[in-house]
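Asker: Structure for the following, please:
(chains A and B)
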Amino acid sequence: MTALPPPSAKKLGLVIDLDTCVGCHACVTACKGWNDQGYGAPLSDQNAYGSEPYGTFLNRVHSYEVQPDTGPAQVINFPRSCLHCENAPCVTVCPTGASYKRAEDGIVLVNEDACIGCGLCAWACPYGARELDAQAGVMKKCTLCVDRIYNENLPEEDRQPACVRTCPTNARHFGDLGDPDSAVSKLVAERGGYDLMPEMDTRPVNKYLPSRSKGPAAEIDVLAPLLDVKTTGFAGWLDRMLEKF
Amino acid sequence: MHPAPSVILFTVLSGAGFGLLAFLALGAAPVYGLQAFLLWGLGYALAVGGLLASTFHLGNPQRALRAFTQWRTSWLSREGWASMAALLLLAPVALAAIFGGGLPPVFGGIGAVFCLLTVVATSMIYTQLRTVPRWNFWTTPALFMTFALTGGAILSGQVVPAAILCIVLALLLVAAFRLGDRRFADAGADIGSATGLGAVGAVRVLAPPHTGPNYLMKEMIHVVGRKHSARLRQIAIVLSAVVPGLIFLFVPPFPVVLGVAAVIHIAGAMVARWLFFAEAEHVVGLYYGRR
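Answerer: Take a look at the predicted model:
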């Protein structure tokens, strides 16, 4: 059913820390790697080694330059994937019922066996979270690694989304945002986590943590050490002798 | 948005087809025998042909029947139901007109209502999308309905309604183009709100997430041909409304004249529909620093 379920108590999602993300794209690669096996149609590539590679990814990392009113510009790396919205417009537009939001934990998924590949859900998403796979002809999106997080065949530390597990700077956090006492909820409260494009009224579950204020940059003269050269040995003796004349 | 030829063909042809069927169902053009066969056949061919064209852009068209299941929430599903209901309800009316035999006008009336509901459902597929501010506006259903009625009036040879509808269509196109230009700014989304970094300062794209294109860019960040949009807007208005309107006002309505007017109108409608897609900007473009 493409009607949205009543709001679930459990709201699984990601919290992404823009302060610590270094833009290494490891999450992109880990996501692509995990979703090439097991769950649903593999994320395909077209012309992967050609002049214009093209492929399906569920996670993309943008880099932005932000210029505050005063002080130097900041570079902020910005991972973008499905936000598992509570008011998910991608679910209600689906004509076949393939696009759905789970009542038990709020994960938004696609039943690929029912997807006709019309692309309307991708149009309805403000965040570009959905990409139609060119080979399978079905819509692909972040599953929040539903085949990892509940998978008891995996060691406990691996029961989190591949992108979170792989992030070398711990910029990605996974947890229950419906529980105000969870680690992720506390992180959001502490750091002022925010929604993307709130004017679209999608009520995303995923939150983004803003970069911390770096304060004014110290004045740095990178050439200063090079100008203060101390000569030693024969050159030093010559230097001192020549200065005497 | 990417102006897929199959979707342009579908929306223009099926719109005109359901418009024609609605006029025929209401008995606007009392035709019998061979003439009825040709006109009703044209209406069915346009409507069904358009629906078939719409399946060309699906990734898995063999599952298209599943699209009938979600009528409670999905306008695309409702469009499927409304179109099927219209085509089935009008079959006895069409047969009665072709082979003779009276049916109470209520049959045609109900069928005509479903024809117009189909057009409404088609337009709502686009209108419902908040992500495309230009579409998310009253002009979208108004335009789809007026195009369908104008096409229907022209194809069924209704001289006076066609002339009036051409005038309405011209005014509506001007309004939709003018008001539509402001919609994206009015929707309030910008690169600052899309990334949430607007609170820090002015945001600029430093590096894209991928060097080649992707599905999002091909489908939703279509910028090709926009530079011609001013000229194409004029062409759309002149061909779809002004020329047919002048023909209906000043040229005697011989069948050949009607045919020429219909062809010119459909060509103009195609240009207008191409612009409807090509000029529509999706908010996801903000992440890529383009619209």
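Asker: C-alpha only now, for contacts and for neighbours.
Answerer: OK.
Asker: Just checking, which helix or strand succeeds the top helix by length along chain B along the chain?
Answerer: The single longest helix within chain B, with elements called by DSSP state H, is helix B:159-187. Sequence order places helix B:191-195 as the next helix or strand after helix B:159-187, per DSSP states H and E.
Asker: Buried residues in the very next helix or strand once past that next one, which are they?
Answerer: Per DSSP H and E, helix B:191-195 leads on to strand B:202-207 as the next helix or strand towards the C-terminus. Buried residues in strand B:202-207, defined by neighbour count with 16 or more other C-alpha atoms under 10 Å in any protein chain shown: B:Ala202, B:Val203, B:Arg204, B:Val205, B:Leu206.
Asker: Skipping adjacent residues, who's closest to the third one in space?
Answerer: Which is B:Arg204. A:Glu65 (5.2 Å; C-alpha to C-alpha, 6 or more residues apart in numbering or on different chains).
Asker: And for the second one?
Answerer: Leaving aside its sequence neighbours, B:Val203 sits nearest to A:Val66 (C-alpha to C-alpha, 6+ apart; 4.5 Å).
Asker: Quick check on that neighbour: phi, psi?
Answerer: The main-chain torsion angles of A:Val66 are listed as degrees, to the nearest 10 and equal phi -120, psi 120.
Asker: partner strands of the helix or strand containing A:Val15, parallel or antiparallel?
Answerer: Using DSSP H and E, A:Val15 falls within strand A:12-17. Sheet pairing here is set by DSSP bridges, and for strand A:12-17 it gives strand A:172-176 (antiparallel), strand A:207-209 (parallel).
Asker: OK, contacts around A:Arg212?
Answerer: Each residue near A:Arg212 by C-alpha atoms under 8 Å, 6 or more residues apart in numbering or on different chains is listed here: A:Asp19.
Asker: Quick check, pLDDT for it.
Answerer: Note on A:Arg212: pLDDT of 84.
Asker: again with B:Leu95
Answerer: Here the pLDDT value assigned to B:Leu95 is 89.
Asker: for it, helix, strand, or coil?
Answerer: Following DSSP: H, G, I helix; E, B strand; the rest coil, B:Leu95 is assigned to helix.
Asker: Could you tell me how many residues sit around it?
Answerer: 16 (other C-alpha atoms under 10 Å in any protein chain shown).
Asker: What of B:Leu52?
Answerer: 13.
Asker: Helix or strand, whichever it is, which one in chain A has the lowest mean pLDDT?
Answerer: Least confident element among the helices and strands of chain A, by mean pLDDT, DSSP states H and E: helix A:224-227 (a mean of 76).
Asker: Contacts for it, please.
Answerer: Under the contact criterion C-alpha under 8 Å, 6+ apart, helix A:224-227 has no outside partners.
Asker: Chain A: strands as residue ranges?
Answerer: Along chain A, the segments classed as strands by DSSP state E run A:12-17, A:45-46, A:54-55, A:59-67, A:74-81, A:99-101, A:108-110, A:131-132, A:139-140, A:172-176, A:207-209.
Asker: May I see these organised as JSON lines, with mean neighbour count and mean pLDDT added?
Answerer: Converted to JSON lines, the strands of chain A look like this (neighbours: other C-alpha atoms under 10 Å in any protein chain shown; pLDDT from 0 to 100):
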{"stretch": "strand A:12-17", "mean neighbour count": "24", "mean pLDDT": "97"}
{"stretch": "strand A:45-46", "mean neighbour count": "14", "mean pLDDT": "94"}
{"stretch": "strand A:54-55", "mean neighbour count": "20", "mean pLDDT": "94"}
{"stretch": "strand A:59-67", "mean neighbour count": "21", "mean pLDDT": "96"}
{"stretch": "strand A:74-81", "mean neighbour count": "21", "mean pLDDT": "95"}
{"stretch": "strand A:99-101", "mean neighbour count": "25", "mean pLDDT": "95"}
{"stretch": "strand A:108-110", "mean neighbour count": "21", "mean pLDDT": "96"}
{"stretch": "strand A:131-132", "mean neighbour count": "24", "mean pLDDT": "96"}
{"stretch": "strand A:139-140", "mean neighbour count": "27", "mean pLDDT": "96"}
{"stretch": "strand A:172-176", "mean neighbour count": "21", "mean pLDDT": "97"}
{"stretch": "strand A:207-209", "mean neighbour count": "23", "mean pLDDT": "97"}
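Asker: secondary structure element for the closest residue to B:Ala94 other than its chain neighbours?
Answerer: Leaving aside its sequence neighbours, B:Ala94 sits nearest to B:Trp40 (C-alpha to C-alpha, 6+ apart; 6.3 Å). According to DSSP H and E, B:Trp40 maps onto helix B:33-54.
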